[in-house]
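A.B. asks: Here is the input, now give the coordinates:
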Amino acid sequence: MRYVLLILMLCYTTLGTTEEGPRYVTPPYEEPKVVYDFYLDDPQKIHAALFWIRSLVNPLMEEPYGFAPEMMDIKVVIHGAEIVTVAKKNYPKYKNAVDRMRYYASLGVEFKVCGLAAEDFDYSVQDFQEFIEVVPSAFTELVHWQQQGYAVIRPTIVPRHYSIEEIR
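C.D. replies: Below you'll find the model as predicted:
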């Protein structure tokens, strides 16, 4: 019995170790169905939030996946302070963010503004960029898409206290 246990222990430790080390893997991802929940406390954080979209779209468009944009079903629901970034009158101030959103919209990403939040900011439908859809409520929109099987992603934007160079 001792010999059996000893052999089992040796097999277990041998199977558990590898000489390969870290490796890059490509999981078998499927075409995404995602709704982003943008509810930011500072309009400037829209720049960081848009990187969350890039971090999903870019890797999936590259090999080995090669998903075409129309294969990705992505929606963005805007209902925080970032709503001001998509108002036409604020285009000069948020040009870079709006141009990035317009680019993503050209790839098929749908940008939706909460109608209740628009009212709070005293905006009407005509006040927004042409790629924006105004929906009755962010919450009903998020619930609807979640019920349709979409993953909900809410970007968390945290301030950096150190540069990458300082901490690596």
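A.B. asks: ok, Gln148 to Lys33 distance?
C.D. replies: 7 Å (C-beta to C-beta, to the nearest Å). Every residue, glycine included, has its C-beta placed from N, CA and C.
A.B. asks: who has more neighbours, the two?
C.D. replies: Ranked by neighbour count (other C-beta atoms under 10 Å), Gln148 and Lys33 place Lys33 first, with 14 against 10.
A.B. asks: Output the below-cut-off pLDDT ranges for this structure.
C.D. replies: 1-18 (pLDDT under 70).
A.B. asks: What are the boundaries of the helices in it?
C.D. replies: 2-16, 46-61, 91-106, 115-120, 138-147, 164-167 (DSSP state H).
A.B. asks: For Asp127, find the nearest of those.
C.D. replies: helix 115-120 (7.6 Å; C-beta to C-beta).
A.B. asks: mind listing what's buried in the closest one?
C.D. replies: Using 16 or more other C-beta atoms under 10 Å as the test for burial, helix 115-120 gives 115, 117-118.
A.B. asks: just how off-centre is it within its chain?
C.D. replies: In terms of C-alpha atoms, centre = their mean, to the nearest Å, the centre of helix 115-120 is set 23 Å apart from its chain centre.
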